[in-house]
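Engineer: Could you look at this predicted model? Sequence included:
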Amino acid sequence: RLGVFWVAILLSFALAVFGDNKLFTMKQSLGNIASMDACEAACHANPTAQCGLNDIKFEKVEKKSCELSGTCKEDVPSPTVEFVKCTFNVAPEAWKVDLVL
């Protein structure tokens, strides 16, 4: 048991020291963004965001009338509402290695 404990400590220490924090990126989505320029500005406001041309997605999504089963109706009697979504990847902050004695 003690050997397994030390292996787990060594693996976690190696991941903390040599692991790339870009492996643990998460998508962040923002709504009500007016344009691609505003989306890029919102991305650059976050210091850990990845704001390359291929990393930022700016898309318009139309609201559809869908049922709980997952089937959506194409012909919606009311006019469709358009939502704007800005999505980019955010990396976690740099890891700090702490030792507890």
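Structural biologist: Noted; the coordinates are in hand.

Engineer: just the helices in the chain please.
Structural biologist: 2-18, 36-45 (DSSP state H).

Engineer: mean pLDDT for the ones you listed: which is lowest?
Structural biologist: Of all the helices of the chain, mean pLDDT reaches its minimum on helix 2-18 (a mean of 85).

Engineer: How far does that helix sit from its chain's centre?
Structural biologist: 28 Å (CA atoms, centre = their mean, to the nearest Å).

Engineer: just the helices of the chain: most buried one?
Structural biologist: Of the helices of the chain, the one with the most neighbours on average (mean count of other CB atoms under 10 Å) is helix 36-45, at a mean of 15. C-betas here are computed from N, CA, C, even on glycine.

Engineer: Restrict that helix to CA atoms and write it as PDB.
Structural biologist: Presented in PDB, the C-alpha positions along helix 36-45 are these (Å, rounded to 0.1, in the frame of the first residue of the first chain):
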ATOM      1  CA  MET A  36     -16.800  39.300 -34.000                       C
ATOM      2  CA  ASP A  37     -14.800  42.300 -32.800                       C
ATOM      3  CA  ALA A  38     -16.700  42.400 -29.500                       C
ATOM      4  CA  CYS A  39     -16.200  38.700 -29.200                       C
ATOM      5  CA  GLU A  40     -12.400  39.100 -29.600                       C
ATOM      6  CA  ALA A  41     -12.400  41.900 -27.100                       C
ATOM      7  CA  ALA A  42     -14.200  39.700 -24.600                       C
ATOM      8  CA  CYS A  43     -11.700  36.900 -25.200                       C
ATOM      9  CA  HIS A  44      -8.700  39.200 -24.800                       C
ATOM     10  CA  ALA A  45     -10.200  40.500 -21.500                       C
END
